[in-house]
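> coords below, sequence missing:
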């Protein structure tokens, strides 16, 4: 794992990413991003940065559900040609019963699952996990 890789963006905010690389051959790249501090164009800027990296083989997928999934939808507004798939579940209806009552058990289970996982990153099948750093 390589921590704190700097990714420049068009609005002069620097994203910081962690890169997780496999010990064997890579099968592509998975981009997982967090929407915190997110600019609509950050995903495109991350892809532009990935194109320049030696580990990038020219194709990637995105992954993220719930709030993290919104960053995938932003990228899908103008998908780059290297994007081969996006996994961004969005069916929040699964957490509500007919009539609008909250499915408390589903929300609690989901919260526990989110609390026990990392939410942002680039995986070179490689995984990149961007974080925001404001310029000084």
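Noted; the coordinates are in hand. Computed from a predicted model, the values in this text were never measured in an experiment.

> from memory residue 80 sits against residue 49, does it?
No. Counting by Cβ atoms under 8 Å, residue 80 sits too far from residue 49 to count as a contact (11.9 Å). For the C-beta atoms, the positions are set from N, CA and C on the backbone; glycine is no exception.

> can you give me the strands in this protein?
Ranges of strands in the chain, per DSSP state E, are 2-8, 14-20, 29-32, 60-63, 83-87, 121-124, 126-133.

> follow-up on the earlier one: okay, residue 80 and residue 49: which has more neighbours?
Neighbours per residue (other Cβ atoms under 10 Å) separate residue 80 from residue 49, with residue 49 holding more: 20 against 13.

> Tell me which residues touch the more buried one, please.
Applying Cβ atoms under 8 Å, 6 or more residues apart in numbering to residue 49 gives the contacts 7-8.

> Let me know the pLDDT of it.
Reported pLDDT at residue 49 in the predicted model: 94.

> Kindly report the same for residue 118.
pLDDT for residue 118: 42.

> same question, residue 99
72.

> Which one of the strands of the chain has the poorest average confidence?
Among those, strand 121-124 scores lowest, with a mean of 42.

> quick one: the helices in the chain?
42-51, 69-76, 104-115 (DSSP state H).

> Pull out the buried residues from the shortest one.
Think helix 69-76. By neighbour count on 16 or more other Cβ atoms under 10 Å, the buried set for helix 69-76 is 69-72, 74-75.

> From the residues you listed, pick the one nearest residue 101.
Nearest to residue 101 out of those is residue 69 (Cβ to Cβ; 23.6 Å).

> Wait, the closest one touches residue 75, no?
No. Counting by Cβ under 8 Å, residue 69 does not reach residue 75; the two are 10.8 Å apart.

> give the contact list for the residue lying closest to residue 42 once chain neighbours are set aside.
Closest residue to residue 42 in three dimensions, ignoring its sequence neighbours and counting by Cβ to Cβ, 6 or more residues apart in numbering: residue 9, at 5.7 Å. Each residue near residue 9 by Cβ under 8 Å, 6+ apart is listed here: 15, 39, 41-42, 45.

> By mean pLDDT, show me the worst of the helices of the chain.
Among these, helix 104-115 scores lowest, at a mean of 60.
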